[in-house]
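*Asks:* Give me a 3D structure for the following:
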Amino acid sequence: MASETSIGTIVSRLEAQVAFDQEREAFHAKQEVFHREQRAVFAAEIEKLTAVLGAFKTAAATAAELETRAAAFTPPKPNLDIGRKASLTRMIRRVIETRPAGDVFGTNFITAEINRHYRERLRRPVREKLVSITLRRLERQGELRQVREGRPHYEALYARVER
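*Replies:* Next up is the predicted model:
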């Protein structure tokens, strides 16, 4: 059986295949150069990041060691326990006791501290109005002294009386 394709057709197909393969080889040679350049860029980046990571780990270990040493020197947190039954007056007294002598505070500060420390014991956040009433009562009883009288746009400021 003789081949039905002519020699010219076979030659032209082979030449087309050779041209295609040469084009693909050139393409992949360009890709190889590109990938080699990219590999060099990423190798340099890896080297730089490895050096930074090592320095960071060393600094973090040193900071952790210093933090554990500093924890031994920190004073204990003040006891803000108010007993079994939550009382606004008791909460305010506990927060005021934690303030340093001579420290001036207002209604907003005390309210924020109570809401932060006793959040889980409260049904709803304490209102400034109730704290203000209690602070005025404590001032009348002589437990606090008023540093600045309150105005419509300025809250009254109080300080603890030293005994």
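*Asks:* Give me the domain ranges for the protein.
*Replies:* For the chain, the structural domains run 1-74, 88-160, going by automatic domain parsing.
*Asks:* Now do the same for the longest one: mean pLDDT, whole number.
*Replies:* What it means is domain 1-74. Averaged across domain 1-74, the pLDDT comes to 88.
*Asks:* How about the secondary structure of the spatially most central residue of the chain?
*Replies:* The residue lying closest to the centre of the chain (Cα atoms, centre = their mean) is Ala60, at 16.6 Å. Following DSSP: H, G, I helix; E, B strand; the rest coil, Ala60 is assigned to helix.
*Asks:* Quick one: residues contacting it.
*Replies:* Taking Cβ atoms under 8 Å, 6 or more residues apart in numbering as the contact definition, Ala60 lies against nothing. Backbone N, C-alpha and C define where each C-beta goes, glycine included.
*Asks:* repeat for Ala159
*Replies:* 102-105, 144-145, 147.
*Asks:* rerun that using 10 Å as the cut-off
*Replies:* 96, 99, 101-105, 139, 144-148 (Cβ atoms under 10 Å, 6 or more residues apart in numbering).
*Asks:* what about Arg13, neighbour count?
*Replies:* Arg13 has 11 neighbours, counted by other Cβ atoms under 10 Å.
*Asks:* Helix or strand: which one has it?
*Replies:* helix 7-73 (DSSP states H and E).
*Asks:* Can you list the buried residues in whatever helix or strand comes next after that helix?
*Replies:* Per DSSP H and E, the first helix or strand lying C-terminal to helix 7-73 is helix 88-98. Buried residues in helix 88-98, counted by 16 or more other Cβ atoms under 10 Å: 88, 91-92, 94-96.
*Asks:* contacting residues for Asp51?
*Replies:* Small correction: residue 51 is Ala, not Asp. Contacts of Ala51 (Cβ under 10 Å, 6+ apart): none.
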